[in-house]
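In: my questions concern the predicted model and sequence given below.
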Amino acid sequence: MTPKSNRLTVASRLLRALVSFHRGYFVIAVTGAAVFATATVVSSYGVKLVIDNVILPAFTAKGISFATWATTSLVVIAIGLVRAVGVVVRRSFAGVLQWSTARTIANRVLRHIMTQPAWWHRTRMTGDIAARAGVDTDAAVGILAPLPFSSSVAVLLVVAGTWLMVTDLWLGLFATLVFPVMLVMNVLYQRKVDRFYRTAQDELGSLSEAAHESFDGVLVVKAFGAEGRETERLAEISRRLRRARKQAVNLRSTFESLIDATPSLVNIAIIAFGALRIRSGDMSIGDLSSFVYLFTLVTLPLRIVSYLFSELPHSLSGWDRVQEVLTEPIIASPREQIRNIGTVGERNPLVEMEHVYAVHGSTDALIDISLCIKRGSTVAVVGSTGSGKTTLLHAIAGLVPVRSGSLSVGTKKVGLVFQEAFLFAESLRYNLTLGSEVTSDDIRRALDIASASEFVDEMGMGLDTELGERGVSLSGGQRQRLALARALAMRSELLLLDDTTSALDPATEQRVLTNLSSMHDEMTTIVVASRPSTIALADEVVFMEGGRIVAQGVHELLLETNHGYRSLIAAFEHDRSGSAP
Amino acid sequence: MSLNDDITEGLRRRGTVDTIRAGIAEAPALGKGLALTFLLALFGAAGRVTIPVVMQQAIDNGIVGAEVRVGYIFRLCAVAATVVVIAAVSQRTAVYRLGSSAEEGLYGLRVRLFDHIHRLSLAAHNDERRGALVARVTSDIETLTMFFAWGGLAWMLNLSLMFVVACVMLAYDWVLAMVAFTVVAPLILVLRLVQKRLMRAYDGVRTNNAGMLSLISETVSGVETLQAYDAVEPALFRVEEATAKRSKTSIRAGVIGAFLFPSGEVFSVFTVAAVVGIGVWRGEAAGLSAGALVGFMFLTYRFLEPIAEFTEVIDQTQTAVAGLRRVLGILDTPIGPPPATDPVELPIGQLGISLSEVAFSYAPREEEVAPTQVLSALTLNIPPAQHVALVGESGSGKTTIARLIARLADPTSGRVVIGGVNLKHVANEDLRRRLTVVPQEPFLFADTISYNLRFAKPEAPDSELWHAVEQLGLEDWVRALPHGLETQVGQRGQALSAGERQIVALLRASLVKPDVLILDEATSSVDALTEVRLARALQRLATGRTTISIAHRLSTAARADRVIVLAAGKVVEDGSHEMLMARGGEYRRMYDSWLAATNT
């Protein structure tokens, strides 16, 4: 298979796939396009009528009647109106087709993405994934806009070509010869110019990335007096962008002039040969005029048919990126691996792990974890960075899959509070309930416990305050307290706190921790702790190192028996004493 | 339109013509040679009226009765072909000139923007505005690029064509030309009317599109939270509403556009009917010929041909003007502390710092009436080589004092003097060589550690980087990294922990060998080992330098020579750690509660 026909196959597969979402709209749009094409050809007959029946006789001795003018005019107007209706139908339904398809695909892609488990998302860039449902989908359907138009060009070429040959065979053959020439010019140009446009697009991408970084780091830039250097770095990318764009402009100006001049030159030749045909009596002046008129009309869309070709690669790459996500099988949620302990018997542990292994990236993040957590207890997980604390919480919450071993949890009401609180640009109420039914009393109570009521009350609109870009901006500590309140508002029975109180000032932290510890009877808490004050709250400490639990017990016992634990805590003490190390 | 647009647009609202004039003033390359370009475009347009004129000539002079004067027609065609070729060359030149001067102009505008944005004050650089600033140099300038590539080109070519066609029509027969113009006139009304609705529809499309994209991105970003709380379905429902809304408004705009598009063609059939009718009625008596009428008919079609394209490019033109307006809004924003006009060189050696009667307030935000007073009449003397810790609750003015000393902002009143020179008279380059800031969340570029270190001193050889590492006692840390100093730090340094980023920032600062060091300590928790490293590195870096630490960890304050306690912009306590502890005041209270929090 040649690369050329291969490309055609790929293109037609893309078009078939896209059209299949809303076939009906496509049919209507193409029907409109066909009406337009036919009316265009017929309108040239109108021109012949006007010249042969009205203009030429009017300037002879005979003259013409008002009725002749009126009927001919009505025919011309009627054809023009039919043609316009065709255009309106074609364009309207091309839009309906394009945007309905975009909507269908975007919804489908997003549902697919959101069904993939959290750990699938961690191996991918969020922006890239979101783009599949956004700009990639829009790029893919971009081809649908000019599609009905292009099909009408095809109809137009066939009907007009036939018509021209019927009018005058030799002249017709000569005129239709220019169609393929213009098409080839289009394809060649597109292929050449694409290179420059692609380069420009890449440079624009780098520019945007570099500008983002440079403005992001403005404090550093200013601190080192690097304003001039940074501007030059960005200017360098801009110069590459400018070069690619100017190369494209150069090519394009030549192409546009050629594609404009070619039909004009052919038309002049048609007039010259037409004169011979009129002399030999094979043609009337009206015939020749309508011939020239139709030829001009047909070459008009031929000038811009290159848009279709230019949309194609863009659309194809968008569709490929959409398909990449859609064809990826949905991975079962890690939650399905978690066994339910059953709620019978208060004595049963709430969390039970036996020889659990879990992977994070390519390394083992949890190694042979066996752990039993009683209902109503508070357990602190302590360890240095990378020891597996967070993975442990995420495994219990069902966000990270267990590779082997068994994990059982006695409740479905698990509230995980992340290290970085994620808030939505929505109302405070939505942020606390995430769309589930929670009474205002429960929300109030949760805010009280999380020590968030005070600043929430100051927000004017209370629970209806919009957060995010247009709304109020919150400090890190406030965000963390809201995330905690979310877990509490949802009446979680198992609360998983991942260093949640780290951004709070010591006094607020104490208040929150005290509030939490008063809820022992209704809640079990596992907390990743990096401050002694948090550790102090726990009934029991789990000490982790390199993905393993190396020690477990009450704080004082671990201090006595475990060297690693002792030196970790000592580091805190050391720092606290304020002596220079 | 988002909040971010308002910020830069609100400064000075310009009209369309004003905006374009100001744009050309900022990017002179845009306007250079524009007159010649348009003249060439007019020549180019002449090529497109050749056919109607040839038809007229051929019918009137080439076909006399039954006789066809082939020789005449051939000569006529040869002349016409020459005109078409010359016109094509002119048009090519015009298109190239327009496109290339647009690229030159926009390049200049971009660079002006980069430079200006880098020099804006930090207040103009807060997180909410960052995205907007990036948008100014990318998507807003892009709307202008797109405009020059399509809309601007279409305006130039089509206006020239309509102008030339109108001239030829008037030359043939001014009465018929007037008839044609009169029948076309209502089209302008129709266009204006529908255009307004179309513009509104496009506005809706843009708003809903932006809303949909940000909702999609937010939903994907929040996937862990949504899954952890079983809230994926309600979130998807919100997105489905947004995609439906976007699709609906886009279709609406498309339908309005679809009705507008063939309006030129519809009017041309009415115009042709009218022109032919009146032309025939007036007849030869008025000096008309059959050929002229045929030519006229063709010209009428040509005259209205560009209308369809105009309906397409008006929206693009509006978008481009709005983009330009936002770009100009940035250039209107005054830059940060103004450069010293008559710089005085800082003295050699260690530098002392003094603040006398310094006040500072933030400009009021939209919703606030009064400016926020952060400091009022603050006086402070820091002798050379002293290590001072600033302590106080958030909002007490610590960060502001540090920023004023680093001249990242100027005081509203009062003076900041460094080494005996008023900061306003110190050249920026001089100051940056002598004073360095380590911010709370140090920014790292997505490159290697050595790249980030060299940001402070581009010409530093590897040996100098290593020397800095040894000086701060960080060899073991660097050796433990997978690729030593060539380790990639990831976007914003995310591959490193917060504490490690701070370490890189200290190293980077040490390369400048500053006489004044300003350190804003990180608030986020740092693991114990890194904590120890950081404290050691800081201690070494501070030795022999005037150092100002904004201390969040009171252990840092305890190690400093002097502690200054701030509350509501005022110094409430000032002295050594031991002294203040003994005094039993505010500092004692803070220190005790910190001890309690960090105590097991």
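Out: Arrived safely, thanks for sending.

In: so who does the closest residue to chain B within the stretch 301-450 of chain A touch?
Out: Using C-beta to the nearest C-beta, the closest approach of the stretch 301-450 of chain A to chain B is made by A:Gly435 at 2.9 Å. No exception for glycine: its C-beta is placed from N, CA and C like everyone else's. By C-beta atoms under 8 Å, 6 or more residues apart in numbering or on different chains, the residues touching A:Gly435 are B:231, B:233-235, B:237-238.

In: recalculate using a threshold of 10 Å.
Out: A:426, A:429, B:226, B:229-235, B:237-238 (C-beta atoms under 10 Å, 6 or more residues apart in numbering or on different chains).

In: in three-state terms, label it for me.
Out: Following DSSP: H, G, I helix; E, B strand; the rest coil, A:Gly435 is assigned to coil.

In: ok, back up a step: and the contacts of A:Gly435, which are buried?
Out: A:426, A:429, B:226, B:229-232, B:235 (16 or more other C-beta atoms under 10 Å in any protein chain shown).

In: could you dump those to CSV with distance to B:Asn208, secondary structure and pLDDT?
Out: Output for those, formatted as CSV (distance: C-beta to C-beta, whole Å; DSSP: H, G, I helix; E, B strand; the rest coil; pLDDT from 0 to 100):
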residue, distance to B:Asn208, secondary structure, pLDDT
A:Glu426, 17, coil, 85
A:Arg429, 24, helix, 91
B:Leu226, 23, helix, 91
B:Tyr229, 28, coil, 88
B:Asp230, 29, coil, 87
B:Ala231, 24, coil, 90
B:Val232, 23, helix, 92
B:Ala235, 18, helix, 93
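
In: quick check: the residue of chain A positioned farthest from its centre vs chain B, distance?
Out: What lies farthest from the middle of chain A is A:Ala61; by C-alpha atoms, centre = their mean that is 71.1 Å. Distance from A:Ala61 to chain B, counting by C-beta to the nearest C-beta, to the nearest Å: 11 Å.

In: number of residues surrounding A:Thr391?
Out: 22 (other C-beta atoms under 10 Å in any protein chain shown).

In: for whatever helix or strand B:Gln195 lives in, packing partners?
Out: Assigned by DSSP states H and E, B:Gln195 belongs to helix B:174-221. Applying 3 or more C-beta pairs under 10 Å, 6 or more residues apart in numbering or on different chains; DSSP states H and E, we find helix B:174-221 packed against helix A:66-115, helix A:126-133, helix A:135-141, helix B:152-172, helix B:232-260, helix B:263-282, helix B:290-332.

In: how about those helices in JSON lines, adding distance to B:Gln440?
Out: Output for these, formatted as JSON lines (distance: least, C-beta to C-beta, whole Å):
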{"stretch": "helix A:66-115", "distance to B:Gln440": "35"}
{"stretch": "helix A:126-133", "distance to B:Gln440": "25"}
{"stretch": "helix A:135-141", "distance to B:Gln440": "34"}
{"stretch": "helix B:152-172", "distance to B:Gln440": "46"}
{"stretch": "helix B:232-260", "distance to B:Gln440": "33"}
{"stretch": "helix B:263-282", "distance to B:Gln440": "60"}
{"stretch": "helix B:290-332", "distance to B:Gln440": "27"}
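
In: out of these, flag the one nearest B:Arg200.
Out: helix B:232-260 (8.9 Å; C-beta to C-beta).

In: where does A:Val356 fall, phi/psi-wise?
Out: phi -80, psi 130 (degrees, to the nearest 10).

In: what sits against it?
Out: A:366-371, A:392, A:395-396, A:402-407.

In: give the closest residue to it in space, chain neighbours not counted.
Out: Using C-beta to C-beta, 6 or more residues apart in numbering or on different chains and skipping the chain neighbours, the partner closest in space to A:Val356 is A:Gly405 (3.7 Å).

In: the one helix or strand the one you found maps to - what's its average pLDDT?
Out: With elements taken from DSSP H and E, the one containing A:Gly405 is strand A:404-409. Strand A:404-409 shows a mean pLDDT of 89.

In: for A:Gln552, grab the count of nearby residues.
Out: Neighbour count for A:Gln552, taken as other C-beta under 10 Å: 18.

In: before we move on, the earlier item: the strand holding A:Gly405: partners in the sheet, and parallel or antiparallel?
Out: Partners of strand A:404-409 in the sheet, by DSSP bridges, are strand A:339-340 (parallel), strand A:351-360 (antiparallel).

In: which is the succeeding secondary structure element to that strand?
Out: Assigned by DSSP H and E, the successor of strand A:404-409 is strand A:414-417.

In: and that following strand, is it in reach of chain B?
Out: Yes - contact between strand A:414-417 and chain B, assessed by C-beta under 10 Å from any C-beta of the partner chain, occurs at A:414-417.

In: just send those residues back as CSV, with pLDDT and neighbour count too.
Out: Formatted as CSV, the residues of strand A:414-417 next to chain B follow (pLDDT from 0 to 100; neighbours: other C-beta atoms under 10 Å in any protein chain shown):
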residue, pLDDT, neighbour count
A:Val414, 89, 26
A:Gly415, 89, 23
A:Leu416, 91, 25
A:Val417, 90, 28
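
In: and the residue nearest to the spatial centre of chain B, backbone torsions?
Out: In chain B, the residue lying closest to the centroid (C-alpha atoms, centre = their mean) is B:Arg136, at 1.6 Å. Phi and psi for B:Arg136, reported as degrees, to the nearest 10, are phi -60, psi -40.

In: contacting residues around it?
Out: A:211, A:215, B:4-5, B:8, B:110, B:113-114, B:116-117, B:129, B:323, B:326-331.

In: next one: B:Asp462
Out: Here B:Asp462 is in contact with B:450, B:453-454, B:485-486 (C-beta under 10 Å, 6+ apart).

In: any idea which helix is longest in the chain?
Out: Just going to use chain A. If you go by DSSP state H, chain A has its longest helix at helix A:227-279.

In: other chain: chain B
Out: Assigned via DSSP H, chain B shows its longest helix as helix B:70-119.

In: for A:Gln492, give its distance to chain B.
Out: If you look again at residue A:492, you'll see it is Ser, not Gln. Applying C-beta to the nearest C-beta to A:Ser492 and chain B gives a distance of 9 Å.

In: residue at max distance from the center of chain B?
Out: B:Ala66 (69.4 Å).

In: could you measure from it over to chain A?
Out: Taken as C-beta to the nearest C-beta, the span from B:Ala66 to chain A is 9 Å.

In: do I have it right that that residue meets A:Arg279?
Out: Yes - counting by C-beta atoms under 10 Å, B:Ala66 does reach A:Arg279; the two are 9.0 Å apart.

In: buried residues, the helix or strand where B:Thr19 lies. List them.
Out: B:Thr19 belongs to helix B:16-26 when elements are defined using DSSP H and E. Neighbour-count burial for helix B:16-26 flags B:19-20, B:22-24, B:26 (criterion: 16+ other C-beta under 10 Å).

In: is the next helix or strand after that helix positioned near chain A?
Out: Later in the chain than helix B:16-26, the nearest helix or strand by DSSP H and E is helix B:34-46. Yes - on the criterion C-beta under 10 Å from any C-beta, helix B:34-46 is in touch with chain A at B:Gly44.

In: okay, buried residues for helix B:34-46 please.
Out: Applying 16+ other C-beta under 10 Å to helix B:34-46 flags B:37-38, B:40-46 as buried.

In: and if you look at stretch A:13-30?
Out: Per 16+ other C-beta under 10 Å, stretch A:13-30 contains these buried residues: A:14-15, A:18-19, A:21-22, A:25-26, A:28-30.
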